[in-house]
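Undergrad: Build me a model from this:
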Amino acid sequence: MRSLASLAACAALVVIAVPVAATAQTTAQTTTQNDAQTMWEKMKGSWSQTKGAVKEQWGQLTDDDLLAIEGRRDQLVGKIQTRYGISREAAEAQVGTWEQRRLKDM
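TA: The predicted structure is shown next:
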């Protein structure tokens, strides 16, 4: 009987712990996404200052490219993809890494 009660207690813990852990992971991802969104909103507002950092990272982007991007992440990814001849996934990865560094600096 005691082992059955122990088994039931362990099962109850698993039922409670797994969703909590999944929620924590989802919350962390959502927080990171929200931070990145907030960062891009700030960059849109100060795009003339951010252009220098973008140009420093991706020197093949022209002034016309930077003018067209206007602080929009999807436009930046597309221009990087075009100028460097890489896949969308590779451009996304580069921008993601750059975002991580910028978030740490903020």
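Undergrad: isn't M39 right up against R102?
TA: Yes - between M39 and R102 there is a contact under Cβ atoms under 8 Å: 6.1 Å. In this view, the C-beta of every residue, glycine as well, is placed from N, C-alpha and C.
Undergrad: Now the common contact residues for the two.
TA: Both M39 and R102 lack any common contact, where contact means Cβ atoms under 8 Å, 6 or more residues apart in numbering.
Undergrad: buried stuff in stretch 33-47?
TA: By 16 or more other Cβ atoms under 10 Å, the buried positions in stretch 33-47 come out as A36, M39, W40, M43, W47.
Undergrad: Using PDB, list the CA coordinates for that stretch.
TA: Output in PDB follows, covering the C-alpha atoms of stretch 33-47 (Å, rounded to 0.1, in the frame of the first residue of the first chain):
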ATOM      1  CA  GLN A  33      11.200  38.000 -28.000                       C
ATOM      2  CA  ASN A  34       9.600  41.000 -26.200                       C
ATOM      3  CA  ASP A  35      13.100  42.400 -25.400                       C
ATOM      4  CA  ALA A  36      14.000  42.100 -29.100                       C
ATOM      5  CA  GLN A  37      10.800  43.700 -30.200                       C
ATOM      6  CA  THR A  38      11.300  46.600 -27.800                       C
ATOM      7  CA  MET A  39      14.900  47.000 -29.000                       C
ATOM      8  CA  TRP A  40      13.700  47.200 -32.600                       C
ATOM      9  CA  GLU A  41      11.100  49.800 -31.700                       C
ATOM     10  CA  LYS A  42      13.900  51.900 -30.100                       C
ATOM     11  CA  MET A  43      16.100  51.400 -33.100                       C
ATOM     12  CA  LYS A  44      13.300  52.500 -35.500                       C
ATOM     13  CA  GLY A  45      13.100  55.700 -33.400                       C
ATOM     14  CA  SER A  46      16.800  56.300 -33.600                       C
ATOM     15  CA  TRP A  47      17.600  54.700 -36.900                       C
END
